[in-house]
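Chemist: The following block contains a protein sequence and its predicted model.
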Amino acid sequence: MDILQYALRRLLAGLPLLLGVTLFSFTLMVYFGPDKTFELLGKNPTAQEIAEVRHQLGYDRPFVLRYGEYLRELATVDFGNSDSTGERVSSLLARTIPVSLALELPGFVLGNLLGIALALLAAYHRGRWPDKLIMGLSVIGMSISFLVVIFVFQIWFCTSHGLDLFPVRGWGTASLADYLRHVTVPTLAMVFVALGYNTRFYRAVIVEEMGRDHVRTARAFGAAPARLFWRDILKNCAIPVITRIVFTIPAIVIGGALLLETSFGIPGVGKAAYEAIISGDQPVLKAVVGLTTALFVIALLVADILYRAVDPRVSLE
Amino acid sequence: MVVVRAAVLALLLVLAGCADPAGPAPREAADLDGNASIKTFRYSLDQAPSSLDPVQAANVYANHVVLNAYDTLFAYKYLARPYQLKPNLADGWPEISPDLLVYRIRIKHGVRFQDDPAFAGGKGRELVAADFVYSLKRQFDPKNRPQGAWLWQGRIAGLDDWKAAGSDYDREVPGLRALDRYTIEIRLLRPFPQLLDTLALGFSAVVPREAAEHYGRELGTHPVGSGPFRVVSYDSSRVVFARNTAFRQEPVDLQAEGYDPATQRYTGVERIQGRSPPFVDRLVIDFASDDASRWNSFIKGNEIQVTGVPAEKVDEFLESYDPVQLKPDYARRYQVASGLEAGFVFETFNMDFPEFGYNPDPERERRNKALRCAIIKTFDWEARNQSWYFGLGTVFPGIIVPVVPEFDPQLSRTSVTRDVAGARRLLRENGWTAENLPVLVYGQSAGVKPRMFFEQFRAQLMDIGWPQEKVVLKQYATFGDLGRAWKESRLPIVSKGWGLDYPDAENTLQLFYGPNGSPGSNDANYRNPEYDRLYEKAAVMLPSPERRALYRRMNQMIIDDCVAITGLSRKRIYLWHKNVVALPDREIVGGFFLRYVDVLPEGESARPADLEPAG
């Protein structure tokens, strides 16, 4: 019951954040975003046609009315039709978000699990060659452009210049094998790039925890390394780990992975959002911004509840 | 270390499990619906269309889809160059009244729309003349956000009034009627010799009213037509078509399609003689904006089967540029073709800027003309061609592009030949100095390449003494924003490309017709009464030597008045797998050739044996 009350309180407290972000982003869209009018006009438009299109796009209406309309759309989760394709925005999101999730989740999970595992190893051997090797490789991973990684992985894994095992372009989820065939190389690329960042972050957290009094004391009492890591270090590292993971989820759900989607021809939400930004497709942009903010509010709440679950000292008051 | 070893081993096991042991050859064809026997052709474009609704088929990308999902009354012959029209859905050529104002077009009987839930019982019905009338009216209904109305505005009797009266589809338009189930009558306000060309565009594709009403704006993602293919799925990455099994049987007559054995036999198109298209079960168009990804997919062998050659691969792949020939190793694996684009790139001065164009002071206006002519003289087209198009483009004077029959190869090339000394002399003789030269704002969309275009342009101007700080780049975040600046006449110089809507010089000459000034297509805001008079005279004439002479006079006026820095037609290079029977071409509307593509089994070659490269 406490948790429910807390959740409701936090959701209400999230409303100003939602209003602030939507107002700020909508102001940017309206006053600084691309003007869609001239993309929707023919090659030889008349002034009347320009006025017609501007009217249909709602550009001729006062800002306050348009923002009010945006809030109504957000409340009803009905953003109308895309200004580019004419597709319902809800259909577009329903079609693309699952693709991005299916594309990114394996890389996200593997990247974090491997990151934690390597961070533990590095921290355990702090200052010795395994630590230096892992940190060195992490820096290399972080230094190489994602685009280069994608390009090289495509050549290595997907073409006859390399192993030629996987498709270069396309997406399929007809069967598990089909899914794995399409998701493997993007996942490897994602893990390669994320692993360096994750490992360094988790190592820093673990090393800090290892220096704490209770860990030193446990060591002095001869606690076994595995037990020490699991009970006294990893558990106490949970809060920064949860923060990092939970706050990445909204970006995965709505943000997608533009580079992966573009390079591998995958119809995810990242590509849809990017195209909406570039073309000024406001119905799609409004949905993406609004839902991302809402997800962040929820992520904040989930993170707080998880903090409490892993550390009883954290109060929900 | 045990943990790391275990992780690596697990990863390798997963990879091995996912990899296809059967090898790459038949895999992708099987991918698309799990049946390896399905004959699939995978084409690629460098951009995705934003909408598949014919009223918005404004570019080559949309037309590639629209023309394969829908039918148009006329089409372009598959192989004839220069491009030639032929009846498509029309049952022969129209009856045209002697005054060229009334067209009666009969359409084929028994053509059916594809099955779709939009129809009663989900069964597609017969396409009739009223469907064409309805489809053209849609271009004049603002609710559809149409982009092609300009082609017929002020030309078809009553159509503009129909729009002004509220676009009521049940109200008849006197100049656009279905006389019976199979006869269309179009009454023009004045002769429009390009009418039939416009009826080959995706803009005029025939849409069933039931689908337009059922899907509303979502018709842009749910095409329902009578074309050779039906769209199975569409997203920003690809469109997948299935063969329309109900498509009319029309055996290919290569002679009628303009086949030239001397230059086209290598494509193997003789194999489709006498057979009815389409020849593949699945047509997939990948929208691959990323060059590297598209290229990797192409060389893989079992994915994209046709692509352009990326700039960085040109030297690696080509034995010679003119004619375009592949190196022997690649010639054994691929086919190649090249052709000039149906369009051009050019820059126009905006004559509404008093610093460069029209000016209330006649003396300043005279000096402005000298200024423009000096800029034209200093512009280095050869450098542009070498820097950006590998020297493959064709530089030509004026605005009549090389692919149209009215092009004059004998025209003086003075306006496209760099003459720095002449430019300096012009400036000096007309009192222009570094101090009084105006600031020139060069608008471009954001990006590295546009920036490099600008830097090259500025460096050339500096050669004639234009101060560096007086040539300024203004970048716009998107192409739409740049378009807005053009249409609102906010830039003194407009740098753009133009793709022909139809192969007639009228399509580029209208770019300088006075009444088309901003926000119309005349971004130069050029207003020359004599030019306008000639344009109006030529616009109602059928092709003839007299019309050609008028076109060329107008072209010369643009050159003499130094209105535009023009021009260059880029060369397209198409590369395709040798088992594909096709002559790819994305110019003039684009996408008509796809219905004629056939695919041979992996390893076979469409090329006749005697034309196979040695070795």
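Modeler: Received it, and whenever you're ready, just let me know what you need. Residues are numbered from 1 along each chain as shown, chains lettered A, B, ... in the order given.

Chemist: So the residue of the stretch 201-317 of chain A at minimum distance from chain B, which state does it fall into?
Modeler: Nearest residue of the stretch 201-317 of chain A to chain B (C-beta to the nearest C-beta) works out as residue A:267 at 3.7 Å. In short, each C-beta sits where N, CA and C put it, glycine included. Three-state assignment for residue A:267 (DSSP: H, G, I helix; E, B strand; the rest coil): coil.

Chemist: which one is residue A:223 nearest to, not counting chain neighbours?
Modeler: Leaving aside its chain neighbours, residue A:223 sits nearest to residue A:232 (7.2 Å; criterion: C-beta to C-beta, 6 or more residues apart in numbering or on different chains).

Chemist: Up against chain A, what does the stretch 401-550 of chain B have?
Modeler: The stretch 401-550 of chain B comes close to chain A at residues B:477-481, B:483-484, B:487, B:501, B:510, B:516, B:519-521, as judged by C-beta under 8 Å from any C-beta of the partner chain.

Chemist: Buried only: go through these for me.
Modeler: Burial by neighbour count, judged by 16 or more other C-beta atoms under 10 Å in any protein chain shown, picks out B:478-481, B:483-484, B:487, B:501, B:510, B:516, B:519-521 from those.

Chemist: buried ones in stretch B:247-267?
Modeler: Applying 16+ other C-beta under 10 Å to stretch B:247-267 flags B:247, B:248, B:252, B:254, B:257, B:258, B:259, B:264, B:266, B:267 as buried.

Chemist: Ramachandran coordinates for residue B:325?
Modeler: Main-chain dihedrals, residue B:325, degrees, to the nearest 10: phi -140, psi 140.

Chemist: Can you tell me the number of residues neighbouring residue B:449?
Modeler: Counted by other C-beta atoms under 10 Å in any protein chain shown, the residues lying close to residue B:449 total 10.

Chemist: before we move on, back to that, tell me the one of the buried ones among the residues of the stretch 401-550 of chain B next to chain A nearest residue B:350?
Modeler: Nearest to residue B:350 out of those is residue B:487 (C-beta to C-beta; 11.3 Å).

Chemist: does residue A:28 sit in a helix or strand, and which one?
Modeler: helix A:2-32 (DSSP states H and E).

Chemist: now for that helix, which elements pack on it?
Modeler: helix A:63-76, helix A:282-310 (3 or more C-beta pairs under 8 Å, 6 or more residues apart in numbering or on different chains; DSSP states H and E).

Chemist: Wait, a strand at residue A:96?
Modeler: No. Under three-state DSSP, residue A:96 sits outside any strand and is assigned helix.

Chemist: The nearest residue to it once chain neighbours are set aside: what's it in contact with?
Modeler: Nearest residue to residue A:96, sequence neighbours excluded (C-beta to C-beta, 6+ apart): residue A:269, at 4.0 Å. Applying C-beta atoms under 8 Å, 6 or more residues apart in numbering or on different chains to residue A:269 gives the contacts A:93, A:96, A:97, A:99, A:100, A:253, A:254, A:255, A:256, A:288.

Chemist: List the buried residues for stretch A:298-314?
Modeler: Within stretch A:298-314, the residues scored as buried using 16+ other C-beta under 10 Å are A:298, A:299, A:300, A:301, A:302, A:303, A:304, A:305, A:306, A:307, A:308.
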